[in-house]
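Undergrad: Sharing a model prediction with you, sequence too.
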Amino acid sequence: MAPITALHTAESAANTRHGTPVVPGIAMGPVIRPAVAVDVSRVGDIQAATPEEESQRFDAAVEAVAARLKARSAEASGVAAEVLAAQVGLVADKGLRKAVTKAIGRGISAEAATVAGVDQFAAMFEQVGGLMAERVTDLKDLGGRVVAELQGLPEPGVPNPDEPSILLAEDLAPADTAGLDASLVVALVTSLGGPTSHTAIIARQLGIPCIVAADVDDIEAGTLVLVNGGNGDVVIDPDPTEAARLIEVDKSTRAAAAAWRGPGATSDGVAIAIYANVQDGPSAKKAAAGPSEGVGLFRSELAFLGRDNEPTVDEQAEEYAAVFAAYGERKVVIRTLDAGSD
């Protein structure tokens with residue numbers, strides 16, 4: 001099988017941007033970009049009502065945003081559902097609400113208080129660094145959604161293309177990526193983010209090429225690009241013949257990977273056990289149809305997310321039974337909920 005490489009022309013080299021490869025694969029299409037984010041630069045100019053009225057406005061906006069996220073989480077599956085459920089928890093976080101309420105008490109509007117609270121927590125996340133720093137985009141997106149709700153503006157989001165397209169953005173929030181149609185959004189490229197960002201996580205679940213930390217902010221919507229998620233290249237106006245070759249090679253590689261059923265082993269024959277990471281019965285059933293030999297991590301705590309009350313013992317037992325049924329006599333490792341640590 002021919003290797004998947006970059007385009008080999010001087011012209012393509014001049015038109016190539018490079019980033020951090022996250023999910024391998026080749027895709028080509030016109031660029032689409034998310035809607036412009038809500039402008040929060042002038043929220044300090046908004047005239048505030050009484051603190052009680054502003055608090056009520058904030059609570060109503062949070063409730064509306066959380067309800068939409070919950071609805072999307074219910075329609076999603078796997079990692080996408082998990083990510084959206086976490087967003088519901090973040091937008092309704094007691095610490096964030098306390099910071100916003102305190103700011104409102106100083107006589108500013110709910111919009112200004114929301115931005116102040118988000119900025120306060122974003123600074124904390126950035127100071128911690130690592131995974132927490134990569135959640136700053138998620139936090140600011142939620143703040144923007146709350147401000148949009150307060151001002152009666154359309155919710156930010158990704159347009160629905162009518163042909164297979166490449167989504168380019170500075171960064172993407174979970175609410176944008178979790179509902180993507182992989183038959184129409186065939187690759188993701190961001191100028192920010194890292195391999196553990198929610199953009200990367202959802203791209204892996206969708207099975208579409210993904211590159212992060214790429215210099216693509218000046219590439220306009222409608223521009224034809226080729227994305228190579230294996231080496232991190234984004235090629236502007238690629239050579240059609242070479243692009244078609246790379247895409248065919250990628251299709252053959254994907255087909256071979258999809259047909260593989262194990263067992264896992266290194267190239268020199270050392271056996272490697274392959275276990276799945278699941279969160280419920282449907283994800284276990286899907287994983288069991290592949291080459292996994294069992295469940296290495298059943299994330300039972302996720303049954304508690306995205307709901308107002310804890311699941312009953314019967315509901316939890318039903319979820320456990322569905323996972324066990326998918327794997328029969330095979331190994332299942334369960335991570336139980338440590339409620340006291342949260």
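TA: Right, received. Where do you want to start?

Undergrad: rest of the way, CA atoms for contacts and neighbours
TA: Will do.

Undergrad: domain ranges for this structure?
TA: Residue ranges for the domains of the chain, per automatic domain parsing: 10-35+158-259, 43-151, 275-341.

Undergrad: what's the straight distance from one end of the second one to the other?
TA: Between the opening and closing residues of domain 43-151 lies a distance of 10 Å (CA to CA, to the nearest Å).

Undergrad: Out of the domains of the chain, which gets nearest to Ser267?
TA: Closest of the domains of the chain to Ser267 is domain 10-35+158-259, at 15.3 Å (criterion: CA to CA).

Undergrad: so can I have TSV of the domains of the chain showing mean pLDDT, distance to Thr266 and mean neighbour count?
TA: Output for the domains of the chain, formatted as TSV (pLDDT from 0 to 100; distance: least, CA to CA, whole Å; neighbours: other CA atoms under 10 Å):
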stretch	mean pLDDT	distance to Thr266	mean neighbour count
domain 10-35+158-259	89	15	20
domain 43-151	87	28	19
domain 275-341	87	15	16
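
Undergrad: Could you report the distance from Met28 to Ala66?
TA: For Met28, the distance to Ala66 equals 35 Å [CA to CA].

Undergrad: er, Ile32 I mean
TA: 27 Å.

Undergrad: just to revisit the earlier point, export the domains of the chain to JSON lines and tack on distance to Asp268?
TA: Formatted as JSON lines, the domains of the chain follow (distance: least, CA to CA, whole Å):
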{"stretch": "domain 10-35+158-259", "distance to Asp268": "19"}
{"stretch": "domain 43-151", "distance to Asp268": "33"}
{"stretch": "domain 275-341", "distance to Asp268": "19"}
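
Undergrad: quick one: which of those domains is nearest Ala265?
TA: Nearest of those (CA to CA): domain 275-341, 11.9 Å.

Undergrad: And Ser165, its phi and psi?
TA: The phi/psi pair for Ser165 (degrees, to the nearest 10) reads phi -140, psi 160.

Undergrad: what helix or strand does the nearest residue to it once chain neighbours are set aside sit in?
TA: Nearest residue to Ser165, sequence neighbours excluded (CA to CA, 6 or more residues apart in numbering): Gly29, at 4.6 Å. Using DSSP states H and E, Gly29 maps to strand 26-32.

Undergrad: Not counting its own residues, what contacts that strand?
TA: 159, 161, 164-168, 186-187, 209, 219-230, 243, 246-247, 250 (CA atoms under 8 Å, 6 or more residues apart in numbering).

Undergrad: C-alpha coordinates for it, CSV please?
TA: The C-alpha trace of strand 26-32 is given here as CSV (Å, rounded to 0.1, in the frame of the first residue of the first chain):
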residue,chain,number,x,y,z
ILE,A,26,-7.1,12.9,4.3
ALA,A,27,-10.1,15.1,3.4
MET,A,28,-10.6,17.9,0.9
GLY,A,29,-13.3,20.5,0.5
PRO,A,30,-14.2,24.2,0.8
VAL,A,31,-13.6,26.0,4.1
ILE,A,32,-16.5,26.9,6.4
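
Undergrad: what helices or strands is the helix or strand just after it leaning on?
TA: Using DSSP H and E, the next helix or strand after strand 26-32 towards the C-terminus is helix 51-75. Contacts defined by 3 or more CA pairs under 8 Å, 6 or more residues apart in numbering; DSSP states H and E place helix 51-75 against helix 78-91, helix 94-104, helix 110-128, helix 136-151.
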